[in-house]
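1. show me the folded form of this:
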Amino acid sequence: MRIAYVLGTFPKLSETFILREIQELERQGVEIELLSLEKPIEELSPELAALKARTVYAPAAFELLTGSAHVRQYRQRLESNPGRSSKGFLGNLKTERWIQVAAHFAEQLAKQEVKRIHAHFAGVPALVGAALSEMLELPFSFSAHANDVFCGFRGLDAPPQGGPEFLEWKIERAGFVCVCNQSAHSHLLGLIPEDVRAKVHLIHHGLPLVDYEFVEELNRETMTILSVGRLEPKKGFDDLVRASRRLWDNGHEFVVKIIGEGSLRAELESLVEKLDMEGAVRMMGSMSHAEVIEEMRTSTAFVLASRQTPDGDRDGIPNVLLEAAAVGLPIVATRAGSIEEFVVHNETGFLVEQNSPEALADALAELAADPDSQDRLRRNGRQKVESGYEISRQVDQLLSLFEATD
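-> Next comes the predicted model:
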């Protein structure tokens, strides 16, 4: 089987779940053609650079195939069969551009003997994937995640251009849709008509556990608190910095390491300085996946202070949670998004309310004082990953859907 994957930006350090899915599919004998709307701008490891080299990227706007046969025929097809879900699709400058991108990809795939199209993310990648599949008369499906479900239907998908109608348009053309967490799955079902809800399936992301050796002995010499994520509002790193100040004031000695980059970097650095925490809170910047895992292996606890933002954005099940649990770190996290689907309070981690640095600090202090709880939580966490989040089982489910909707 040969499948064309339509992606937003690929490869991307913060989306290793897509990389793992592709690698496991290829391990099981599936050939993957990689199509990406944007080129990555971050520094890549040799492994990711090799994937970039084989990826077909959307051209600049002035290079698009505005008069190609694929574009003309597809526009005629939509005009002759508009349908309710296609309302506002034609004549929209943004959708016209993405139709042209789909036509470019169609030209690239003409001789590849691709059997189906699959897109990651319910926004533009799914739109391009759906158009591409119709141009090539191939089956189509897509994966939805978190932001694209909770607050992704704006701008391109906003009223009066379509809103939920564009989502309907994508789902009508899809053989199936898979969602990686229960919170987003439930939310997506509420956005679409009842007669297409059976197309939506819950398939968690998974890990290749052979790559995640369990750490038998935690680093307890210096308490090292690790957090990983994009430096954006929904990740709640400001709450973690404030919680660190409270811990320090209560006499605890520790180091907090925050790995990631994002729009709040300068703001977080200013907060660290304002709270006089430069000696304890380290902004580590972006790291390769291998470096992140090594930091996990030498840490004492993993923390996620995620929150729901005013616009509705929130996490699904962050993949770094699965990785921390697989390596053997005890977890402290907030009740946000779909985190509770994996972290069960006092079983696979400690849970606190979001937007509460005080509760976060108190949970970390409790964890630091109780080595027995540390070991119990981290062993339970590893067991939960083994039983429900192993990559080959997740990909088996995906392959079954591919085969059932050919």
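
2. run a quick neighbour tally on residue 261.
-> Neighbour count of residue 261, defined by other Cβ atoms under 10 Å: 18. Every residue, glycine included, has its C-beta placed from N, CA and C.

3. ah, wrong one, I meant residue 272
-> 23.

4. wait, it touches residue 278, no?
-> Yes. Contact between residue 272 and residue 278 holds when scored by Cβ atoms under 8 Å: they sit 5.9 Å apart.

5. shaky segments in the stretch 301-406 of the chain?
-> For the stretch 301-406 of the chain, applying pLDDT under 70 flags no range at all.

6. that one: helices as residue ranges?
-> Applying DSSP state H, counting those that start in this stretch to the stretch 301-406 of the chain gives helices spanning 319-327, 339-342, 357-368, 371-388, 391-404.

7. nearest to residue 203, of those helices?
-> Among these, helix 391-404 comes nearest to residue 203, with 5.0 Å by Cβ to Cβ.

8. sorry, back to before: got the helices of the stretch 301-406 of the chain as a markdown table, with mean neighbour count and distance to residue 101 columns?
-> Formatted as a markdown table, those follow (neighbours: other Cβ atoms under 10 Å; distance: least, Cβ to Cβ, whole Å):
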| stretch | mean neighbour count | distance to residue 101 |
| --- | --- | --- |
| helix 319-327 | 25 | 28 |
| helix 339-342 | 20 | 34 |
| helix 357-368 | 20 | 43 |
| helix 371-388 | 17 | 37 |
| helix 391-404 | 16 | 23 |
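
9. so which of those helices is nearest residue 194?
-> In terms of Cβ to Cβ, the element of those nearest to residue 194 is helix 391-404, at 20.4 Å.

10. contact partners of that closest one?
-> Residues outside helix 391-404 that contact it (Cβ atoms under 8 Å, 6 or more residues apart in numbering): 1, 3, 20-21, 24-25, 28, 30, 116, 118, 141, 175-176, 178, 201, 203-209.

11. please redo it, this time with the cut-off set to 10 Å
-> Contacts to helix 391-404, defined as Cβ atoms under 10 Å, 6 or more residues apart in numbering, come from residues 1, 3, 17, 20-25, 27-30, 115-116, 118, 139, 141, 143, 175-178, 180, 199, 201-211, 387-388, 390.

12. now the buried members of those.
-> Buried subset of these (neighbour count, 16 or more other Cβ atoms under 10 Å): 3, 17, 20-25, 30, 116, 118, 139, 141, 143, 175-178, 180, 199, 201, 203-207, 209, 390.

13. mind putting the helices of the stretch 301-406 of the chain in TSV, distance to residue 251 included?
-> Compiled in TSV, the helices of the stretch 301-406 of the chain are given as follows (distance: least, Cβ to Cβ, whole Å):
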stretch	distance to residue 251
helix 319-327	26
helix 339-342	29
helix 357-368	9
helix 371-388	18
helix 391-404	42
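
14. and residue 100, which of those is closest to it?
-> Once the helices of the stretch 301-406 of the chain are compared by Cβ to Cβ, helix 391-404 is nearest, at 27.4 Å.

15. could you check the angle that closest one makes with helix 371-388?
-> In terms of direction (axes from the mean of the first three to the mean of the last three Cα atoms, to 10 degrees), helix 391-404 departs from helix 371-388 by 30 degrees.
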